[in-house]
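Visitor: coords please:
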Amino acid sequence: MIVQADDLLALSTVIVCPTSTSTPPASFHPDIVIADEPTRVMCEMVGAVDVRVLGEQAGHLTFEEMRGVDDALQLVLDLR
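Guide: Here you go, the predicted structure:
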């Protein structure tokens with residue numbers, strides 16, 4: 001899942017967090033839905049990847065889902 005600001009999407013790399021349908025619940029694993037499947041974002045594994053390795057866009061997060069990801073990234077990155 002891309003977690004980078006839209007204004008920076010023209011760069012050759014993007015900041016991502018992997019997703020998983022089997023990772024255990026945690027305060028830094030917010031719940032989202034991808035293609036009608038419950039999924040968790042693994043915010044502790046934030047990293048950069050080359051845009052050429054990304055596949056097709058899977059969808060968009062709801063406001064509530066994005067808020068959960070924002071909160072988890074703030075926790076993991078100690079931004080509070």
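
Visitor: Only C-alpha atoms from now on, for both contacts and neighbour counts.
Guide: Fine.

Visitor: now Phe76, nearest residue through space, not along the chain?
Guide: Wrong residue type there; residue 76 is Val, not Phe. Glu44 (5.9 Å; C-alpha to C-alpha, 6 or more residues apart in numbering).

Visitor: Correction: the previous question concerned Gln74.
Guide: Arg80 (6.2 Å).

Visitor: State the number of residues packed around the one you found.
Guide: By other C-alpha atoms under 10 Å, 8 other residues sit near Arg80.

Visitor: these two touch, right, it and Leu73?
Guide: No. Arg80 lies out of contact with Leu73 (C-alpha atoms under 8 Å); the separation is 10.0 Å.

Visitor: end-to-end on stretch 26-46?
Guide: Chord length of stretch 26-46, first to last residue, is 15 Å (C-alpha to C-alpha, to the nearest Å).

Visitor: Could I get the buried residue list for that stretch?
Guide: Phe28, His29, Pro30, Asp31, Ile32, Val33, Thr39, Arg40, Val41, Met42, Cys43, Val46 (16 or more other C-alpha atoms under 10 Å).

Visitor: residues making contact with that stretch?
Guide: By C-alpha atoms under 8 Å, 6 or more residues apart in numbering, the list of residues contacting stretch 26-46 from outside reads 1, 15-23, 25, 58-59, 61, 65, 68-69, 71-73, 75-76.

Visitor: measure the residue nearest to Gln74 to Asp71 for me?
Guide: On the measure of C-alpha to C-alpha, Arg80 and Asp71 end up 9 Å apart.

Visitor: Okay, strands next: where are they in this protein?
Guide: 13-16, 19-20, 31-34, 37-41, 47-50 (DSSP state E).
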